[in-house]
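Undergrad: Just need the structure, nothing else, for what follows:
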Amino acid sequence: MGKRHGSYGFDAPWALAGLLLGAVTLAALTAVSFTFDVPEAGVAFLLGGTYTLASAGSHLYTTRRGKRAVWAAELDRLEGGERLLDLGCGRGAVLTLAAERLPEGHATGLDQHAREAPRASANAEREGVADRVSLVVGDLRDLPFENDAFDVVVSDQAIHAIARRQGREQAVREALRVLRPGGLILIADPHHTRAYEDTLRSLGVVDVRRRDAGWRFWYGGPWSRTEILEARSPVA
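TA: Below is the predicted model of the structure:
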């Protein structure tokens, strides 16, 4: 994967800040414990601090490089002429990766936060793909697109941010509605891929698979892993 030129921020920045603060606090407690000759506590704090710092490193790596490597591998299957929709595109980290693989196609990014559109647009310019990227502000539960409008629908850790189960189910239904028969869905999610699979199967989708995205998509460790849901829209 080549060098990225956009500015994409950090995923869950408060979680990362909490891990770093925890590591600093435990380091301070380690120093105090050894200073006051309490070695047992010092060792415990040292181990805890090392573990927390490693978790912060995992989170940082995933945000800055790991998840992009995973998505790059997923998107390498694109043939170059597809119409792709990125649900919850944010600043466009996945959107621009996709657009780079669509010299004859087009990538549309949708996010519910209007403030993200200028940032995603600027990143598309920096990555040299602005001519094949469109940005839309909208609700994942009520997509402003016609049926069968896209060949590929992707989403990176956006659907799980919808608070209610019914809302997440509706977002998955909408993703399938705007996908052409035989089209591809790819969803990266840390919590609800099994529920998304159940929703798709209830709609008649049989070509559905869930898999672990691997260590490059850990936000701190294996307890905070990400799964990839892959599905194909039924062909009539």
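
Undergrad: And the helices in this protein?
TA: Remark: helices of the chain, listed N- to C-terminal, are 13-35, 39-61, 67-75, 93-100, 116-126, 165-177, 193-202; assignment by DSSP state H.

Undergrad: what's the offset of the second one from the middle of its chain?
TA: In terms of Cα atoms, centre = their mean, to the nearest Å, the centre of helix 39-61 is found 26 Å from the chain centre.

Undergrad: before we move on, the earlier item: include mean pLDDT, distance to residue 148 and mean neighbour count when you put the helices of the chain into CSV, please.
TA: For the C-beta atoms, the positions are set from N, CA and C on the backbone; glycine is no exception. Rendered in CSV, the data for those read as follows (pLDDT from 0 to 100; distance: least, Cβ to Cβ, whole Å; neighbours: other Cβ atoms under 10 Å):
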stretch, mean pLDDT, distance to residue 148, mean neighbour count
helix 13-35, 91, 37, 15
helix 39-61, 92, 38, 17
helix 67-75, 95, 21, 19
helix 93-100, 96, 19, 27
helix 116-126, 94, 25, 18
helix 165-177, 97, 8, 19
helix 193-202, 96, 16, 18
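
Undergrad: Relative to residue 140, which of those helices is closest?
TA: Proximity to residue 140, assessed across the helices of the chain by Cβ to Cβ, is greatest for helix 165-177 (4.2 Å).

Undergrad: Just put the helices of the chain in JSON lines and tack on distance to residue 212.
TA: Formatted as JSON lines, those follow (distance: least, Cβ to Cβ, whole Å):
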{"stretch": "helix 13-35", "distance to residue 212": "20"}
{"stretch": "helix 39-61", "distance to residue 212": "15"}
{"stretch": "helix 67-75", "distance to residue 212": "11"}
{"stretch": "helix 93-100", "distance to residue 212": "18"}
{"stretch": "helix 116-126", "distance to residue 212": "28"}
{"stretch": "helix 165-177", "distance to residue 212": "20"}
{"stretch": "helix 193-202", "distance to residue 212": "10"}
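
Undergrad: who wins for proximity to residue 6 among those?
TA: Distances from residue 6 to each of the helices of the chain were compared by Cβ to Cβ, and the smallest falls on helix 116-126, at 3.3 Å.

Undergrad: by contact count, what packs against that closest one?
TA: Applying 3 or more Cβ pairs under 8 Å, 6 or more residues apart in numbering; DSSP states H and E, we find helix 116-126 packed against helix 93-100, strand 106-111, strand 133-137.

Undergrad: The ones you listed: which one's closest to residue 188?
TA: Nearest to residue 188, of all the helices and strands packed on helix 116-126, is helix 93-100, at 8.4 Å by Cβ to Cβ.

Undergrad: so what secondary structure elements neighbour that closest one?
TA: Secondary elements touching helix 93-100 (3+ Cβ pairs under 8 Å, 6+ apart): helix 67-75, strand 83-87, strand 106-111, helix 116-126, strand 133-137, strand 150-156.

Undergrad: At the geometric centre of this protein, which residue do we find?
TA: Among the residues of the chain, the one closest to the centroid is residue 156, at 2.8 Å (Cα atoms, centre = their mean).

Undergrad: Is it correct that residue 109 is in contact with residue 98?
TA: No: checked against Cβ atoms under 8 Å, the pair residue 109 and residue 98 is beyond contact range at 9.0 Å.
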